[in-house]
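J.: Using only what follows, build the 3D model:
(one chain, ligands or ions: 1)
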Amino acid sequence: MLVTLEGIDGSGKTTAWEALHDSHPDLTYTAEPTDSWYGEAVRRSLADDDADPMADLFLFTADHADHLSRVVRPALERGEVVVSDRYSDSRYAYQGASLAGVIKRPMEYVRGIHQPFTRPPDATIYFDVDPQVGAERAGATDKFEAAGYLAAVQENYETLVGYEPERFVRVDAEQSPEAVLEAVEDALDRILDG
Ligand code: TYD
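T.: Down below sits the predicted model:
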């Protein structure tokens, strides 16, 4: 089973993912961007305000393809439960937003290039936070963290939730860190119980 954690920057997703290592130690934890050289390339591009958004898309997507073949598919084949901090929906939501005005129907385009090769998540925990709160928490250290941009990303996430409401479990990420963590652990337990 493949479970993903998604949400805008500053939603507390990574903190929760780290805490799950302790509460659910038997699962396989991974993340995108990865720590491979593809992931390194992605981070270089993130730090470059002038990077071409189309080039960004294909760097992130290359990192995903490598992540799938090297980590995710082998773990699933071994019967492990994989929990990924960000996954394909991050591309649909973030690059869907950064490509607005560059190409037509950007989110559909990004989903389309994934469709032939990706392995969709079985369940996704969605960390719901106001973009202004997210931007403040994230401290806007890279080009994708400004409140206006995060609002567009959040709108894309909501569209994705609308497409597949049964896949998403929404967590109110504006609660205290302890309450968020408890909600995430509950959501994960319910997902694992089927
Ligand atoms: P993030 O989860 O913050 O990684 P880290 O904590 O390792 O820096 O992701 C970095 C940024 O990249 C974040 O603003 C979201 C963005 N991102 C995309 O735009 N597209 C993607 O496909 C992924 C995985 C992340």
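
J.: Alongside the ligand, which residues does this structure contribute?
T.: Proximity of the chain to the ligand (CB under 6 Å from any ligand atom) is limited to residues 9, 14, 32-33, 46, 60, 86, 90-91, 94-95, 142, 144-145. C-beta here means a position set from N, CA and C on the backbone, and glycine is covered the same way.

J.: Got phi/psi on the closest residue to the ligand within the chain?
T.: Going by CB to the nearest ligand atom, the ligand is nearest to residue 94 of the chain, at 3.1 Å. Here is the backbone geometry of residue 94 (degrees, to the nearest 10): phi -80, psi -50.

J.: give the contact list for it.
T.: When contacts are counted by CB atoms under 8 Å, 6 or more residues apart in numbering, residue 94 touches 144, 153, 156.

J.: could you dump these to a markdown table with distance to residue 173, secondary structure and pLDDT?
T.: What follows is the contacts of residue 94, written out as a markdown table (distance: CB to CB, whole Å; DSSP: H, G, I helix; E, B strand; the rest coil; pLDDT from 0 to 100):
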| residue | distance to residue 173 | secondary structure | pLDDT |
| --- | --- | --- | --- |
| 144 | 17 | coil | 77 |
| 153 | 14 | helix | 97 |
| 156 | 17 | helix | 98 |
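
J.: between those residues, which has the most around it?
T.: With neighbours taken as other CB atoms under 10 Å, the top of those is residue 153, carrying 25 neighbours.

J.: From residue 177, how far off is that residue?
T.: Separation of residue 153 from residue 177 (CB to CB, to the nearest Å): 22 Å.

J.: Need the nearest residue in space to residue 93, chain neighbours excluded.
T.: In space, and not counting its chain neighbours, residue 93 is closest to residue 156: 4.0 Å by CB to CB, 6 or more residues apart in numbering.

J.: isn't the one you found right up against residue 96?
T.: Yes: using CB atoms under 8 Å, residue 156 is in contact with residue 96, at 4.6 Å.

J.: Mutual contacts of those two, please.
T.: Counting by CB under 8 Å, 6+ apart, the residues touching both residue 156 and residue 96 are residue 107.

J.: what's around residue 78, how many residues?
T.: Neighbour count of residue 78, defined by other CB under 10 Å: 9.
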